[in-house]
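> mind looking at a prediction? Sequence and model below.
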Amino acid sequence: MLPEEYFATLPLAERLERTDSDLARNIYSPEVMQFLQEGVVIFPQVIEPQLLDHFENDLNGLPGLAATSLLHGMIGIDGSTEHYEARVLRNLTVRGITDFRQAGPGLKLTDLHRYFESARSLAFAGPIIRFLAELFGSAPALIQSLTFWKSSEQPLHQDFAYVHHHSLLGHLAAAWIPLENIHADAGPLVYYKGSHRLSPSQFFQWQKDEILCTRDDAVQRGRDYGDHLQGLIREQHWEPSIYLPRRGDLLIWHGALIHGGSAMRDPALTRRSYVCHYTAAAAHKALAAHRVGGGYDFSEPPSLPESLRPRRWPNRVAGKAGRLLKRVLPGRRQHG
Ligand SMILES: O=C(O)CCC(=O)C(=O)O
C-alpha cells in the first residue's frame, strides 16, 4: 500500500479538515477537531466507576478462572508470532510464571472483551462510542482489546502499520483506559502530538511501496522502522507527551500517531490499563463476509472472522505450515 492509497481511506472528517479546516470547524465538535489536528484527545473523568469496578472484579478473578476453565488456552499473549493461538498459561509457565500478575513488562491479555461482559461494556462506554461515531461518521466497531497489568514497554510505533484487518485502513483509532491512577515510574504511555500527519515521503516503507508491516517482515525491518521514527521525531522537533491519567480518564489516539509504552523505572509498579482499537463498523472484517456489492446481506448473523476464533490443534498446525510456506515462497504479500 502507498501513502496516497492510505490517505484515500481516511474518514471524511479528516479529509475535510485537511482541505478546508474552517468548514470542518463549522461541522465537527472541538474534540474531533483537536483529535484531527493533534492526533490525540483526552477526556478527564468520563468513564463511570462501575464500569471499571466490574471489569476489575473479573480481572482479579482471572488467574483462578484461567487455571480451571475454558479460558485456559484461549487468551492470547503478545510477543509471540502465534499471537491469537498462543496459550496464556503455557506461555507463562514456559517463563516460569504461574500467575500473570507476577509477569514483568510486556504482558498483554488479548481480547478479554470476548470473554467478559464487563470488558465489552467498558470497550463500548458512551464517551468512546459517541466520539468515534462522530469521527467515523458511522457506528464504530471494536477490532481488538488489550489488557495490561504493567507497562507494555512497547517501542514507538504507529498502529496502522500493524492493525490492518479492516477494509478502510485510515478508519482507525484507539482508546487508552486507565484501570488505576498511573504513576510516572510505572512506564506510562508516551506519544508525540501531531505525528499522525505525515507527508508521503515521511512514511516508512517496510518493502517497496508497502507502508504496512506483515508477518513476513524480518526483525531487522522492525529496528529500521524504530530508527526511522526516531529520525522523524528529531527532524520535526516533536516533544514527547507522557500520559499520567487518573482512573476515570480516557485518551483516544489516531491510528497514525507515534506512541509507545515507556520503560518502567520501578519494576514493582503496576500500570493496569485497557486499550481498545476501533474502526468503522462497515470496515470491520467480521462484516466482510456479508458485503454484497455496495451493501450487506445479513440473512446469516455476523460471526467472528476465522482469524479471531479459537482454533483446534489440526487447524493450528495447518496454519503454521501455511505461514512457513509463505515465508519460503518469494513475492507473496500478506495483510494481517
Ligand atoms: O499502553 C501501551 O503501553 C502501549 C499500547 C500500544 O501501543 C498499542 O496498543 O498500540
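Okay, I see it. Numbering: from 1, shown residues only.
> now the strands for the stretch 51-200 of the chain?
With DSSP state E, counting those that start in this stretch, the ranges of strands along the stretch 51-200 of the chain come out as 108-110, 140-148, 173-178, 189-192.
> got the contact list for the spatially most central residue of the chain?
Among the residues of the chain, the smallest C-alpha distance to the mean C-alpha position (Cα atoms, centre = their mean) belongs to His277, namely 4.1 Å. Applying Cβ atoms under 8 Å, 6 or more residues apart in numbering, one finds that His277 lies in contact with 142-145, 159, 163, 172-174, 255. Backbone N, C-alpha and C define where each C-beta goes, glycine included.
> apply 6 Å and report the result again.
When the contact criterion is Cβ atoms under 6 Å, 6 or more residues apart in numbering, the partners of His277 are 143-144, 163, 174.
> so in that sheet, which strands flank the helix or strand encompassing it, and in what orientation?
When secondary structure is defined by DSSP states H and E, His277 falls within strand 273-280. For strand 273-280, the paired strands and their directions (DSSP bridges) are strand 140-148 (antiparallel), strand 173-178 (antiparallel).
> how close does the closest residue in space to Ile128 that isn't next to it in sequence sit to Ala186?
With Cβ to Cβ, 6 or more residues apart in numbering as the measure, Ala175 is the residue that lies nearest to Ile128, at 5.0 Å, once sequence neighbours are left out. From Ala175 across to Ala186, the span is 19 Å (Cβ to Cβ, to the nearest Å).
> again, but for Leu198
In this structure, Leu198 lies at 30 Å from Ala186, with Cβ to Cβ as the measure.
> ditto for Gln144
The spacing between Gln144 and Ala186, counted by Cβ to Cβ, is 23 Å.
> of the two, which one has the most company?
Neighbours per residue (other Cβ atoms under 10 Å) separate Gln144 from Ala186, with Ala186 holding more: 24 against 21.
> hmm, the more buried one is touching Arg272, no?
No: using Cβ atoms under 6 Å, Ala186 makes no contact with Arg272, being 9.3 Å away.
> how far out from the middle of the chain is stretch 44-61?
Its chain's C-alpha centre lies 20 Å from the corresponding centre of stretch 44-61 when counted by Cα atoms, centre = their mean, to the nearest Å.
> if you count neighbours, what's buried in stretch 116-134?
116, 118-119, 122-125, 128-129, 131-132, 134 (16 or more other Cβ atoms under 10 Å).
> how about that stretch and the ligand, touching?
No: Stretch 116-134 lies out of reach of the ligand by Cβ under 6 Å from any ligand atom, never closer than 13.2 Å.
> report the distance from that stretch to the chain centre.
Average the C-alpha atoms of stretch 116-134, do the same for its chain, and the two points are 15 Å apart (Cα atoms, centre = their mean).
> list the contacts of that stretch.
Looking at stretch 116-134 with Cβ under 6 Å, 6+ apart, the contacting residues turn out to be 32, 43, 46-47, 51, 54-55, 58, 112-113, 139-140, 142, 145, 175, 250, 276, 278.
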